[in-house]
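*Asks:* All I have is the shape, not the residue letters:
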């Protein structure tokens, strides 16, 4: 079982901005739901440093995650080369592993170090959820031309690698490759399509600042809403099949991109997700 995590004290040591979020005031509870009041880029969602919660021990009760993980699986940056560890249901329902996937105040923290294990189809590590169906038994696969598919994310990017300061914090994939992603090339937060940064969400993102993104897909249109915007801030016109949502920390760096001295577990990308909701109609 896992060792208990220490609760963060009220006095914090100042850390490098590229490795850890700065300190913020507590998050108001009304922002934990999917229906918080829309805000403009000039009035961001309140931010906070998440407090680590104790992980389970043999004598403790099981962890209850802050949002439903029934139809997800988790890929971790550990395991054998090109064969990272995956956690499926029912194990995922109460799963934690320090430091890659652990509960924090109001959310879940996803961390992937630059020296982490990668999948066979990527050169970058991830601690990331992949959408599933049938209580987590089968892989989700839907078409942009049929039905309406929505993912809402309330999250904060809390760390980036030291040299290549890039992290993907949410994406839509099809049966070939990623279709559209939310990407931080620190300090600029983008909507990225086919490897190109197409739309700026925040030109001066501060690590730890909480924001929301909603993907809405129907009739061959993928619409992106930001911080509760009434209208999409970006729309991609593209028909694709084999679609599924992903969320977590997909660190866009590895040891070949970083300095040799920082090729270790202390150099990572990190995302905290406070709310995650998916619907299909």
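*Replies:* That came through fine. Since we're looking at a predicted model, the values are computed, not measured.
*Asks:* ranges for the strands of the stretch 101-250 of the chain?
*Replies:* Here the stretch 101-250 of the chain has its strands, by DSSP state E, counting those that start in this stretch, at 101-104, 107-113, 126-133, 138-139, 148-159, 166-173, 178-185, 188-193, 196-202, 210-218, 221-226, 234-237, 244-251.
*Asks:* Indicate which one of those strands is closest to residue 264.
*Replies:* strand 107-113 (7.1 Å; Cβ to Cβ). Backbone N, C-alpha and C define where each C-beta goes, glycine included.
*Asks:* Pairing partners for that closest one, with directions?
*Replies:* Counting by DSSP bridges, the strands paired with strand 107-113 are strand 101-104 (antiparallel), strand 268-280 (antiparallel).
*Asks:* Tell me who's in contact with residue 198.
*Replies:* Contacts for residue 198 (Cβ atoms under 8 Å, 6 or more residues apart in numbering) come out as 190-192, 234, 236.
*Asks:* What subset of those is buried?
*Replies:* Neighbour counting by 16 or more other Cβ atoms under 10 Å classes 190-192, 234, 236 among the contacts of residue 198 as buried.
*Asks:* Ignoring the adjacent residues along the chain, who's closest to residue 166?
*Replies:* Spatial nearest neighbour of residue 166, excluding adjacent residues (Cβ to Cβ, 6 or more residues apart in numbering): residue 252 at 3.6 Å.
*Asks:* The one you found contacts residue 123, correct?
*Replies:* No. In this structure residue 252 lies outside contact range of residue 123 using Cβ atoms under 8 Å: 9.5 Å.
*Asks:* mind giving me TSV with the strands paired with strand 107-113 and columns for distance to residue 129 and mean pLDDT?
*Replies:* Below are the strands paired with strand 107-113 laid out as TSV (distance: least, Cβ to Cβ, whole Å; pLDDT from 0 to 100):
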stretch	distance to residue 129	mean pLDDT
strand 101-104	9	95
strand 268-280	8	98
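*Asks:* Would you mind giving those as a markdown table with distance to residue 140 added?
*Replies:* Listed next are these as a markdown table, based on distance: least, Cβ to Cβ, whole Å:
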| stretch | distance to residue 140 |
| --- | --- |
| strand 101-104 | 20 |
| strand 268-280 | 8 |
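*Asks:* Adding distance to residue 205 and mean neighbour count as columns, could you present those strands in TSV?
*Replies:* Converted to TSV, these look like this (distance: least, Cβ to Cβ, whole Å; neighbours: other Cβ atoms under 10 Å):
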stretch	distance to residue 205	mean neighbour count
strand 101-104	19	22
strand 268-280	12	23
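*Asks:* Looking at the ones you listed, which is nearest to residue 85?
*Replies:* The stretch from these with the least distance to residue 85 (Cβ to Cβ) is strand 101-104; that distance is 10.3 Å.
*Asks:* Quick check: which of the strands of the stretch 101-250 of the chain is nearest to residue 73?
*Replies:* So among these, strand 126-133 is nearest, using Cβ to Cβ, at 5.2 Å.
*Asks:* Point out where the stretch 51-200 of the chain drops to low pLDDT.
*Replies:* Within the stretch 51-200 of the chain, the stretches with pLDDT under 70 are 51-63.
*Asks:* Would you mind giving the secondary structure of residue 93?
*Replies:* Under DSSP: H, G, I helix; E, B strand; the rest coil, residue 93 falls in the helix class.
*Asks:* Could you report the neighbour count for residue 261?
*Replies:* Residues lying near residue 261 (other Cβ atoms under 10 Å) number 8.
*Asks:* Report the beta-bridge partners for residue 87.
*Replies:* With DSSP bridges as the criterion, residue 87 is bridged to residue 74.
*Asks:* Quick check: it vs residue 97, distance?
*Replies:* According to Cβ to Cβ, to the nearest Å, residue 87 and residue 97 sit 8 Å apart.
*Asks:* try residue 175
*Replies:* With distances taken as Cβ to Cβ, residue 175 is found 29 Å from residue 97.
*Asks:* which of these two has more neighbours?
*Replies:* Taking other Cβ under 10 Å, residue 175 and residue 97 do not tie; residue 97 has more neighbours (16 against 10).
*Asks:* so which of the strands paired with strand 107-113 gets nearest residue 151?
*Replies:* strand 268-280 (4.9 Å).
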